[in-house]
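# structure of the sequence below:
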Amino acid sequence: MPPDARILIVDDHQDTLYALENALAPLGHRIARATDGDEALKQVLRGRVGLLVLDVRMPGVSGLDVVRYLRRLEQTQHIPVILLTGFGPDQELTSTAFGLGVADLVMKPVDPLALRTKVRYLYDAHQRYVALQEETRALRTRVREAERQDPRVPVQPHTEARATGPCRTPSATRDSSPSG
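A predicted model of the protein is given here:
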(Lines give C-alpha, C1' and ligand atoms only; values in the text may rest on other atoms or scores of the structure.)
Protein backbone atom coordinates (compact mmCIF):
# COMPACT_ATOMS: atom_id res chain seq x y z
CA MET A 1 0.00 0.00 0.00
CA PRO A 2 1.48 3.33 -0.97
CA PRO A 3 2.06 6.02 1.65
CA ASP A 4 -0.72 8.07 0.07
CA ALA A 5 -3.36 5.41 0.71
CA ARG A 6 -6.79 6.85 1.33
CA ILE A 7 -9.20 6.54 4.18
CA LEU A 8 -12.50 5.45 2.67
CA ILE A 9 -15.63 6.66 4.45
CA VAL A 10 -18.84 4.88 3.49
CA ASP A 11 -22.37 5.90 4.45
CA ASP A 12 -25.64 6.27 2.57
CA HIS A 13 -26.36 9.66 4.20
CA GLN A 14 -24.54 12.70 2.79
CA ASP A 15 -24.68 14.57 6.12
CA THR A 16 -22.88 11.69 7.86
CA LEU A 17 -20.22 11.61 5.13
CA TYR A 18 -19.70 15.33 5.56
CA ALA A 19 -19.38 15.00 9.36
CA LEU A 20 -16.93 12.08 9.03
CA GLU A 21 -14.85 13.95 6.48
CA ASN A 22 -14.65 17.00 8.75
CA ALA A 23 -13.75 14.84 11.75
CA LEU A 24 -10.90 13.10 9.87
CA ALA A 25 -9.57 16.05 7.83
CA PRO A 26 -7.14 17.20 10.58
CA LEU A 27 -5.22 13.92 10.17
CA GLY A 28 -4.00 15.11 6.77
CA HIS A 29 -4.68 11.83 4.95
CA ARG A 30 -6.47 11.61 1.63
CA ILE A 31 -10.15 10.83 2.16
CA ALA A 32 -12.45 9.16 -0.36
CA ARG A 33 -16.23 8.74 -0.11
CA ALA A 34 -18.68 6.05 -1.09
CA THR A 35 -22.45 6.05 -0.61
CA ASP A 36 -23.09 2.31 -0.78
CA GLY A 37 -21.41 -1.06 -0.34
CA ASP A 38 -20.94 -1.73 -4.06
CA GLU A 39 -19.12 1.54 -4.59
CA ALA A 40 -16.98 0.88 -1.50
CA LEU A 41 -15.95 -2.55 -2.80
CA LYS A 42 -15.01 -1.11 -6.19
CA GLN A 43 -12.80 1.53 -4.60
CA VAL A 44 -11.10 -0.96 -2.29
CA LEU A 45 -10.47 -3.42 -5.11
CA ARG A 46 -8.85 -0.66 -7.18
CA GLY A 47 -6.30 -0.40 -4.38
CA ARG A 48 -4.83 2.47 -2.42
CA VAL A 49 -7.29 2.21 0.49
CA GLY A 50 -5.58 2.07 3.87
CA LEU A 51 -8.62 2.06 6.17
CA LEU A 52 -12.42 1.95 5.97
CA VAL A 53 -14.92 3.77 8.13
CA LEU A 54 -18.07 1.94 7.14
CA ASP A 55 -21.74 2.21 8.03
CA VAL A 56 -23.28 -1.12 9.00
CA ARG A 57 -26.77 -0.67 7.59
CA MET A 58 -27.02 0.59 4.04
CA PRO A 59 -29.45 -0.31 1.27
CA GLY A 60 -28.21 -3.09 -1.00
CA VAL A 61 -24.82 -4.33 0.15
CA SER A 62 -24.50 -3.79 3.91
CA GLY A 63 -21.33 -2.88 5.75
CA LEU A 64 -21.08 -6.42 7.11
CA ASP A 65 -21.36 -7.82 3.56
CA VAL A 66 -18.51 -5.54 2.48
CA VAL A 67 -16.34 -6.80 5.35
CA ARG A 68 -17.18 -10.44 4.59
CA TYR A 69 -16.07 -9.96 1.00
CA LEU A 70 -12.88 -8.09 1.91
CA ARG A 71 -11.82 -10.78 4.37
CA ARG A 72 -12.01 -13.45 1.65
CA LEU A 73 -9.40 -11.76 -0.54
CA GLU A 74 -5.72 -11.87 0.33
CA GLN A 75 -5.02 -8.32 -0.87
CA THR A 76 -7.81 -6.81 1.27
CA GLN A 77 -8.11 -9.08 4.29
CA HIS A 78 -5.85 -6.94 6.51
CA ILE A 79 -7.33 -3.53 5.77
CA PRO A 80 -8.61 -2.13 9.08
CA VAL A 81 -12.34 -1.46 9.26
CA ILE A 82 -14.24 0.68 11.74
CA LEU A 83 -17.96 -0.04 11.57
CA LEU A 84 -20.50 2.66 12.40
CA THR A 85 -23.99 2.00 13.68
CA GLY A 86 -26.82 4.29 14.67
CA PHE A 87 -29.02 1.56 16.11
CA GLY A 88 -27.49 1.32 19.59
CA PRO A 89 -25.80 -1.61 21.25
CA ASP A 90 -26.59 -4.96 19.63
CA GLN A 91 -24.87 -8.08 20.94
CA GLU A 92 -25.40 -10.05 17.72
CA LEU A 93 -23.97 -7.24 15.59
CA THR A 94 -21.00 -6.84 17.94
CA SER A 95 -20.28 -10.56 17.89
CA THR A 96 -20.57 -10.80 14.11
CA ALA A 97 -18.45 -7.69 13.51
CA PHE A 98 -15.59 -8.72 15.74
CA GLY A 99 -15.82 -12.28 14.42
CA LEU A 100 -15.13 -10.85 10.96
CA GLY A 101 -12.05 -9.04 12.24
CA VAL A 102 -13.46 -5.53 12.42
CA ALA A 103 -11.14 -3.24 14.39
CA ASP A 104 -13.89 -1.33 16.18
CA LEU A 105 -17.63 -0.76 16.28
CA VAL A 106 -18.56 2.89 16.89
CA MET A 107 -21.99 4.25 17.79
CA LYS A 108 -23.45 7.28 16.02
CA PRO A 109 -23.34 10.15 16.62
CA VAL A 110 -19.57 9.82 16.43
CA ASP A 111 -17.22 11.66 18.79
CA PRO A 112 -14.80 13.32 16.31
CA LEU A 113 -11.78 13.26 18.66
CA ALA A 114 -12.29 9.59 19.56
CA LEU A 115 -12.73 8.66 15.89
CA ARG A 116 -9.60 10.59 14.85
CA THR A 117 -7.57 8.84 17.55
CA LYS A 118 -8.77 5.39 16.48
CA VAL A 119 -8.24 6.10 12.80
CA ARG A 120 -4.75 7.53 13.37
CA TYR A 121 -3.67 4.48 15.35
CA LEU A 122 -5.19 1.89 12.99
CA TYR A 123 -4.00 3.63 9.82
CA ASP A 124 -0.44 3.96 11.11
CA ALA A 125 -0.39 0.36 12.38
CA HIS A 126 -1.61 -0.89 9.02
CA GLN A 127 1.02 1.19 7.19
CA ARG A 128 3.72 -0.40 9.38
CA TYR A 129 2.30 -3.87 8.73
CA VAL A 130 2.31 -3.32 4.95
CA ALA A 131 5.87 -1.93 5.05
CA LEU A 132 7.01 -4.99 7.01
CA GLN A 133 5.35 -7.31 4.49
CA GLU A 134 7.08 -5.51 1.62
CA GLU A 135 10.44 -5.70 3.39
CA THR A 136 9.95 -9.42 4.02
CA ARG A 137 9.20 -10.01 0.33
CA ALA A 138 12.28 -8.03 -0.68
CA LEU A 139 14.50 -9.98 1.71
CA ARG A 140 13.15 -13.31 0.46
CA THR A 141 13.88 -12.20 -3.11
CA ARG A 142 17.45 -11.28 -2.15
CA VAL A 143 17.93 -14.69 -0.51
CA ARG A 144 16.66 -16.50 -3.62
CA GLU A 145 18.97 -14.41 -5.81
CA ALA A 146 21.93 -15.18 -3.56
CA GLU A 147 21.11 -18.91 -3.73
CA ARG A 148 20.99 -18.76 -7.54
CA GLN A 149 24.29 -16.89 -7.78
CA ASP A 150 26.14 -19.19 -5.38
CA PRO A 151 24.43 -22.50 -4.58
CA ARG A 152 27.03 -23.12 -1.85
CA VAL A 153 25.46 -20.34 0.26
CA PRO A 154 23.79 -22.20 3.12
CA VAL A 155 20.27 -20.97 3.60
CA GLN A 156 18.25 -22.02 6.62
CA PRO A 157 14.67 -23.13 6.05
CA HIS A 158 12.09 -20.44 6.77
CA THR A 159 11.68 -20.76 10.53
CA GLU A 160 11.15 -18.25 13.27
CA ALA A 161 14.30 -16.63 14.55
CA ARG A 162 15.26 -17.70 18.04
CA ALA A 163 17.24 -15.64 20.49
CA THR A 164 19.65 -18.34 21.66
CA GLY A 165 22.82 -16.33 21.98
CA PRO A 166 25.82 -16.22 19.69
CA CYS A 167 25.81 -18.45 16.66
CA ARG A 168 28.42 -21.21 16.83
CA THR A 169 29.58 -23.02 13.78
CA PRO A 170 31.20 -26.45 14.02
CA SER A 171 34.57 -24.98 13.01
CA ALA A 172 34.36 -22.33 15.75
CA THR A 173 33.64 -25.02 18.31
CA ARG A 174 36.55 -27.14 17.00
CA ASP A 175 38.96 -24.18 17.03
CA SER A 176 38.11 -23.21 20.59
CA SER A 177 38.58 -26.70 22.04
CA PRO A 178 41.89 -27.39 23.79
CA SER A 179 44.30 -29.44 21.74
CA GLY A 180 45.87 -32.31 23.43
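# tell me what the helix ranked longest in the chain is packed against?
If you go by DSSP state H, the chain has its longest helix at helix 112-149. Applying 3 or more C-beta pairs under 8 Å, 6 or more residues apart in numbering; DSSP states H and E, one finds that helix 112-149 contacts helix 14-24, strand 49-55, strand 81-85, strand 104-107. Glycine gets a C-beta too; all of them are placed from N, C-alpha and C.
# could you list the low-pLDDT ranges of the protein?
Counting by pLDDT under 70, the chain contains low-confidence ranges at 1-4, 151, 153-180.
# kindly recompute the last result at 90.
1-5, 47-48, 59-60, 74-75, 86-90, 126-127, 129-131, 133, 141-180 (pLDDT under 90).
# tell me who's in contact with residue 108.
16, 84, 85, 86 (C-beta atoms under 8 Å, 6 or more residues apart in numbering).
# correction: the previous question concerned residue 103.
80, 81, 82, 118, 122.
# please name the spatially closest residue to it (chain neighbours excluded).
Spatial nearest neighbour of residue 103, excluding adjacent residues (C-beta to C-beta, 6 or more residues apart in numbering): residue 80 at 4.5 Å.
# list the residues that contact that neighbour.
Contact analysis of residue 80 by C-beta under 8 Å, 6+ apart lists 50, 51, 52, 103, 122, 123, 125, 126.
# all good on my end, thank you.
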